[in-house]
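Engineer: how would this look folded up:
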Amino acid sequence: MKLRHATPARNLASIPQRGLLTRKRKGRLPVVWLHAPGKTSWAQLHTVKRHSARVEDVIVFEVNVPARWLRHSPRRGLWYVRRDIPPARLRRLLHFHELAASPLAA
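Structural biologist: As a prediction, the model looks like this:
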């Protein structure tokens, strides 16, 4: 299933090598949070607030994980994974300028 994960850009150096790690979470649960593409704006703003980052410094990874790994959050469009997501599951990296671009400018 193709989902996304938002994180501060300062994490970019380690993620392509080690993947998304549950032990790096800031919340209570040892999980990796994922969101639907339609929730990317919300996820960016949540990352800004949670990690004291600027919105321009938030990157978004597209990941492809098996549906059996996913647990649905009570919040619509959010899932979590109780295991590390290896680098091979990372599909694409989206920077702020790509996400902020107007679809009318194309």
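Engineer: Count the neighbours of Arg50 for me.
Structural biologist: 13 (other Cβ atoms under 10 Å). (Each C-beta comes from the backbone N, C-alpha and C, glycine too.)
Engineer: no no, Tyr80
Structural biologist: By other Cβ under 10 Å, the residues close to Tyr80 number 19.
Engineer: Provide a list of residues in contact with the nearest residue to it once chain neighbours are set aside.
Structural biologist: Nearest residue to Tyr80, sequence neighbours excluded (Cβ to Cβ, 6 or more residues apart in numbering): Val31, at 4.1 Å. Contacts for Val31 (Cβ atoms under 8 Å, 6 or more residues apart in numbering) come out as Thr22, Arg25, Arg71, Tyr80, Val81, Arg82.
Engineer: Which residues are in contact with the fifth one?
Structural biologist: This means Val81. Thr22, Val31, Val32, Leu34, Val65, Trp69, Leu70, Arg71.
Engineer: give me the low-pLDDT residue ranges for the chain?
Structural biologist: When residues are selected by pLDDT under 70, those of the chain lie in 102-106.
Engineer: Now do the strands in it.
Structural biologist: Here the chain has its strands, by DSSP state E, at 2-8, 32-35, 58-64, 70-72, 78-81, 90-94.
Engineer: For the fourth one, give me every contacting residue.
Structural biologist: Contacts with strand 70-72, where a contact means Cβ under 8 Å, 6+ apart, come from Met1, Leu3, Val31, Leu34, Leu78, Trp79, Tyr80, Val81, Arg82.
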